[in-house]
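Trainee: Sequence first, predicted model second:
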Amino acid sequence: MTADEQKRATGEAAAALVEDGMVVGLGTGSTAAWFVKALAARKLDIRGVPTSVATAELAASLGMRLTSLDEVSSIDLTVDGADEIGPGLSLIKGGGAALLREKLVWEASRRCVCIADAGKVVRTLGAFALPIEVVAFAHKTTALRISDALADCDIGVRPRLRLKDGAPVATDGGNLIYDAACGAIPDPARLAEALKGVTGVVDHGLFLDLADEALIGRETGVERLV
Ligand code: 5RP
């Protein structure tokens, strides 16, 4: 299977986990889009909580009933992609700039299933540059503080402002994204705590102790990791 076929297979496998009546968190990205399409095709009586404007638009275009986190007490199941899957189902997310809404939805979910192609599985997190969402006000100052936090965690890199067509990428919430090309993150929990301690950082793409399981697309089929 190609990477895209693997993504599709995991999205379809995850859609099979959804039951009538559920409130379902809808992830963001190309893998999550396969899930949303497969789920919509099942025509279940469910409500979806999208993690981005893009996912909301896709789900609505497929006729899915949507709600928001503030309208439901909790979410039964969230399915979302990842940029890296490391030991213990530690994740890097945020390649699609949706990490804040994704984390809010994941944290409100009883069960979180990560779906990804095999190329996302790594021994050590950090080859994928870690997305960090910051408020726009004084973001350059915040970036300096982020460099200090990274250095405190033995990571000597400067985060780079994410640009698209020469302009800063704005998240759905109007914030900016910095990417830190760490190379390797020796202690993800320590780094997560250090980044959350920086004023101006809204959140970061380390998703630790959040995924309950992962469905990984392999050449031979879909493998379940718990
Ligand atoms: C968006 C994300 C995505 O889930 C992540 O970037 C994976 O995307 P894709 O499925 O397109 O590879 O975290 O913020």
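Mentor: Great, that's in hand. Numbering: from 1, shown residues only.

Trainee: Who are the contact partners of the residue nearest the centre of the chain?
Mentor: Nearest to the geometric centre of the chain sits residue 93, at 3.8 Å (C-alpha atoms, centre = their mean). With contact set as C-beta atoms under 8 Å, 6 or more residues apart in numbering, residue 93 has these partners: 80-83, 99, 102-103, 131, 205, 207. Every residue, glycine included, has its C-beta placed from N, CA and C.

Trainee: Next: residue 200.
Mentor: Residue 200 makes contact with 134-135, 137-139, 141-142, 145 under the criterion C-beta under 8 Å, 6+ apart.

Trainee: In strands only, show me those residues.
Mentor: The strands, defined by DSSP state E, take in residue 134 from these.

Trainee: quick one: the helices in this structure?
Mentor: 3-15, 30-42, 53-61, 99-107, 139-152, 188-196 (DSSP state H).

Trainee: Distance of the closest residue in space to residue 91 that isn't next to it in sequence relative to the ligand?
Mentor: Once flanking residues are discounted, residue 91 sits nearest to residue 207: 4.0 Å by C-beta to C-beta, 6 or more residues apart in numbering. Distance, residue 207 to the ligand, by C-beta to the nearest ligand atom, to the nearest Å: 9 Å.

Trainee: Does residue 207 touch residue 86 like I think?
Mentor: No - if you go by C-beta atoms under 8 Å, residue 207 and residue 86 don't touch, sitting 10.2 Å apart.

Trainee: Surely residue 130 and residue 184 touch.
Mentor: No - using C-beta under 8 Å, residue 130 is not in contact with residue 184; the gap is 11.0 Å.

Trainee: ok, these two, which is more surrounded?
Mentor: Neighbour count, other C-beta atoms under 10 Å: between residue 130 and residue 184, residue 130 has more, with 30 against 12.

Trainee: Bridged to the more buried one, which residues?
Mentor: Beta bridges link residue 130 to residue 180 when assigned by DSSP bridges.

Trainee: How about the one 4 residues further on?
Mentor: Listed by DSSP bridges, the beta-bridge partners for residue 134 are residue 176, residue 201.

Trainee: That one against residue 178, yeah?
Mentor: Yes - at 6.0 Å, residue 134 and residue 178 qualify as touching, with contact defined as C-beta under 8 Å.

Trainee: So which of the two has more stuff around it?
Mentor: residue 134 (28 against 24).

Trainee: quick one: contacts for the more buried one?
Mentor: Residue 134 touches 142-143, 146, 175-178, 200-202, counting by C-beta under 8 Å, 6+ apart.

Trainee: I am finished for the moment; much appreciated.
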